[in-house]
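Peer 1: With the input below, show me the fold.
(one chain, ligands or ions: 1)
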Amino acid sequence: MGNRTFAMIKPDAVESGKWGKIIDHIIAEDYKILGVKMQRMSEAEARAFYAVHKERPFYEELVEFMSSGPSVLLVLEKADAVPAWRDTIGATDPAEAAAGTIRAKFAENKGRNAVHGSDSDENAQKEIAFFFSEAELILNQ
Ligand code: CMP
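Peer 2: Next up is the predicted model:
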């Protein structure tokens, strides 16, 4: 298992101001933040980032939402980062997310669900590279 994952604080949580509390949660759970930037995805970027979902009925809604305002993009380091971060954020639908997880605490619904996390090491590498060059990451500095 790799020690990096890609995380995103989505436009709902940035717009509502909850993103500061989410950063606190990330630091409190001992993730090392290797990279961070705030960026509004273009529609084309949102389409490309979520291309794996393009046949799903919610794809257009997802693209519209993810390009509606800025997101906070993060590269996180921790042992077994992908499963660790998925545990930290909880289930996609906040109604099903375990108590204390980021989505249980901060998400509105299944679409506006506050945060994203990579679902595999392979996708973590691809998603990190989608937004960050290796030179932008803080490595043991
Ligand atoms: P995320 O982890 O970013 O990966 C894909 C996203 O699609 C997911 O979080 C949700 O925000 C969104 N999504 C998944 N299922 C639905 C749904 N039924 N309706 C709307 N959005 C959804």
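Peer 1: and I33, what element?
Peer 2: Secondary structure from DSSP states H and E places I33 in strand 32-39.
Peer 1: Apologies, that question was intended for V14.
Peer 2: Taking DSSP H and E as the criterion, the element that holds V14 is helix 11-15.
Peer 1: what helices or strands is the helix or strand just after that helix leaning on?
Peer 2: Secondary structure here is assigned by DSSP H and E; on that basis, the next helix or strand after helix 11-15 toward the C-terminus is helix 19-28. Identification of packing neighbours for helix 19-28 by 3 or more CB pairs under 8 Å, 6 or more residues apart in numbering; DSSP states H and E yields strand 4-9, strand 71-77, helix 102-106. C-betas here are computed from N, CA, C, even on glycine.
Peer 1: Of these, which is nearest E136?
Peer 2: The minimum distance between E136 and those falls on strand 71-77, with 8.5 Å, by CB to CB.
Peer 1: Give the partner strands of that closest one in its sheet and their orientations.
Peer 2: strand 4-9 (antiparallel), strand 32-39 (antiparallel) (DSSP bridges).
Peer 1: Flag every residue of the protein that's near the ligand.
Peer 2: When proximity is defined by CB under 6 Å from any ligand atom, the chain lies next to the ligand at 53, 58, 61-62, 92, 110-111, 113, 116.
Peer 1: out of the residues you listed, who has the most neighbours?
Peer 2: Using other CB atoms under 10 Å as the contact criterion, the top neighbour count among those goes to N113, which has 23 neighbours.
Peer 1: Tell me the secondary structure at that one.
Peer 2: Using DSSP: H, G, I helix; E, B strand; the rest coil as the criterion, the local structure at N113 reads coil.
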